[in-house]
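Undergrad: build me a model:
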Amino acid sequence: MIDRQRRGLALTLAMAFALIGSRGLAYGAGSGTSLSTLAAFDAAFAKVDDYTVTMTAHEVAGSDVQDRVYHYWFKKPHQAKIEIVSGAGAGGGGVWTGTDQVRGHQGGLLSHFHLKVDLHDRRAVSLRGYTIPDGLFANEVDKYRQIKGELAQHDGPVIDGDATEAVELRLAEPAANAGVTRMVLDLSKKTHMPVRQTRYAGDQIVTTENWTDLKTNTGLTSADFPF
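TA: Next up, the predicted model:
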């Protein structure tokens with residue numbers, strides 16, 4: 001009887017671990033936890049020296065809403081430039097070269113006047129406080145490893161005809177992350193690059209970011225990032 005109970009317990013545990021494995025769950029994000037989807041991104045991104053991409057962003061903070069389209073330029077290891085194509089601040093932009101400052105300009109009549117401000121200056125961040133480097137692919141992916149919570153991967157939606165793999169993080173400490181309780185990053189199964197990210201505060205979507213028109217290894221040089 002005892003042997004049968006032990007075999008039954010062992011079978012139950014084996015089935016439980018198999019179920020966890022099939023769902024791709026991992027606990028303890030924030031301590032280097034990774035998933036195969038994130039590893040696939042790492043391998044693909046290692047072959048990228050530079051990229052350009054368009055990001056369409058929607059952000060909500062309380063009763064305030066911000067819709068913008070950005071164009072991003074990036075060159076390894078830490079040169080980035082953005083232009084606000086449409087939305088609040090259209091025509092403005094900034095350059096970041098790995099320091100705690102951004103060289104930026106406003107749109108319209110002030111577009112020729114450049115100044116350097118702190119990376120987190122209100123003129124250099126989005127509605128919810130995201131900075132230029134926050135929007136870079138490698139930094140977006142790293143958040144899923146660094147922020148504490150429950151991490152999972154599963155099939156994502158088809159986006160613009162592209163099948164995706166979703167990485168989902170349920171945050172352990174929303175208060176330390178601007179109230180965000182859940183984050184979902186959809187990566188292309190073809191390129192392994194991010195194509196959409198959605199952040200939630202409870203049931204409310206507080207940010208969506210869609211990346212389109214990605215071009216890699218375009219030959220950008222340091223001259224493309226005047227600072």
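
Undergrad: low-confidence ranges in the chain?
TA: 1-34, 108-113 (pLDDT under 70).

Undergrad: now for the residue nearest in space to the middle of the chain: which residues touch it?
TA: By Cα atoms, centre = their mean, the chain has its centre lying nearest to residue 140, at 2.8 Å. With contacts defined as Cβ atoms under 8 Å, 6 or more residues apart in numbering, residue 140 is in contact with 134, 185, 194, 197. In this view, the C-beta of every residue, glycine as well, is placed from N, C-alpha and C.

Undergrad: and for residue 144?
TA: Applying Cβ under 8 Å, 6+ apart, the residues near residue 144 are 29, 38, 151, 167, 169, 183, 185.

Undergrad: surely the second one and residue 143 touch.
TA: If I follow you right, that is residue 38. No - counting by Cβ atoms under 8 Å, residue 143 is not a contact partner of residue 38; they are 10.7 Å apart.

Undergrad: same drill for these two, tell me which one is more crowded.
TA: residue 38 (22 against 16; other Cβ atoms under 10 Å).

Undergrad: tell me the SS of that one?
TA: Three-state assignment for residue 38 (DSSP: H, G, I helix; E, B strand; the rest coil): helix.

Undergrad: what about residue 98, which SS state?
TA: Relying on three-state DSSP, one would call residue 98 coil.

Undergrad: give me the nearest residue to it, chain neighbours excluded.
TA: Leaving aside its chain neighbours, residue 98 sits nearest to residue 78 (3.4 Å; criterion: Cβ to Cβ, 6 or more residues apart in numbering).

Undergrad: how many neighbours does that neighbour have?
TA: Residue 78 is flanked by 15 other residues according to other Cβ under 10 Å.

Undergrad: would you confirm that it contacts residue 95?
TA: No - judged on Cβ under 8 Å, residue 78 makes no contact with residue 95 at a distance of 11.4 Å.

Undergrad: export the contacts of residue 140 as a markdown table, with columns for secondary structure.
TA: Formatted as a markdown table, those follow (three-state DSSP):
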| residue | secondary structure |
| --- | --- |
| 134 | helix |
| 185 | strand |
| 194 | strand |
| 197 | strand |
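
Undergrad: before we move on, back to that, show me what counts as buried in the strand or helix carrying the residue nearest to the centre of the chain.
TA: Taking DSSP states H and E as the criterion, residue 140 maps to helix 137-146. Neighbour-count burial for helix 137-146 flags 137-138, 140-141, 143-145 (criterion: 16 or more other Cβ atoms under 10 Å).
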